[in-house]
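**Q** For reference, the sequence and a predicted model appear below.
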Amino acid sequence: MAGFMKKYEAETYAAMRIVVGLMFLLHGSQKLLGFPMEAPPMPTALLYLAGTIELVGGAFVAAGFMTRWAAFLCSGLMAGAYWMVHGLNHLIPMLNNGEPAVIYCFVFLFIAARGGGKWSVDGSAATG
């Protein structure tokens with residue numbers, strides 16, 4: 001029973017990469033374009049920096065284009081966001097509302113380590 005999803009490993013990873021990239025892209029769209037909702041209040045320089053990394057990085061990860069670099073940059077952004085916004089309030093993510101930042105950080109770190117995979121512009125399941 002443990003291996004029932006093994007034959008779908010590449011497709012499942014690709015689906016995760018695409019969905020996570022698109023979700024991150026929406027965070028950038030929110031900050032830069034006010035879509036699908038207005039951005040939370042933050043300093044303008046930070047808004048444009050984070051919004052650009054989220055929009056472009058999310059698009060690159062979703063497309064599987066320069067996946068390792070884009071995902072690594074997105075992971076670093078989320079690590080920084082955690083400590084700048086959430087980690088100063090409390091160390092535990094459940095208590096400082098930082099769980100999404102931590103999850104994004106480590107999912108992007110995993111994507112940076114694994115690469116684009118199937119259905120990516122990078123094109124290789126093992127080395128994308």
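**A** Done, it's in.

**Q** Could you list every helix and strand that the lowest-mean-pLDDT helix or strand in the chain packs against?
**A** Using mean pLDDT, DSSP states H and E, helix 93-96 stands out as the lowest-scoring helix or strand of the chain, at a mean of 94. With contacts taken as 3 or more CB pairs under 8 Å, 6 or more residues apart in numbering; DSSP states H and E, helix 93-96 sits against helix 99-114. C-betas here are computed from N, CA, C, even on glycine.

**Q** on contacts alone, who are the packing partners of the helix it packs on?
**A** Using 3+ CB pairs under 8 Å, 6+ apart, helix 99-114 sits against helix 9-33, helix 67-81, helix 93-96.

**Q** Now with 6 Å, please.
**A** helix 67-81 (3 or more CB pairs under 6 Å, 6 or more residues apart in numbering; DSSP states H and E).

**Q** which parts of the helix it packs on are buried?
**A** Within helix 67-81, the residues that count as buried by 16 or more other CB atoms under 10 Å are 67-68, 70-81.

**Q** now swap in stretch 104-117 and tell me
**A** 104-105, 107-109, 111-112, 114-117.

**Q** from the middle of its chain, how far away would stretch 102-112 be?
**A** 6 Å (CA atoms, centre = their mean, to the nearest Å).

**Q** what separates the residue nearest to residue 53 when sequence neighbours are not counted from residue 2, distance-wise?
**A** Distances taken as CB to CB, 6 or more residues apart in numbering place residue 77 nearest to residue 53, at 4.9 Å, with adjacent residues excluded. Distance, residue 77 to residue 2, using CB to CB, to the nearest Å: 35 Å.
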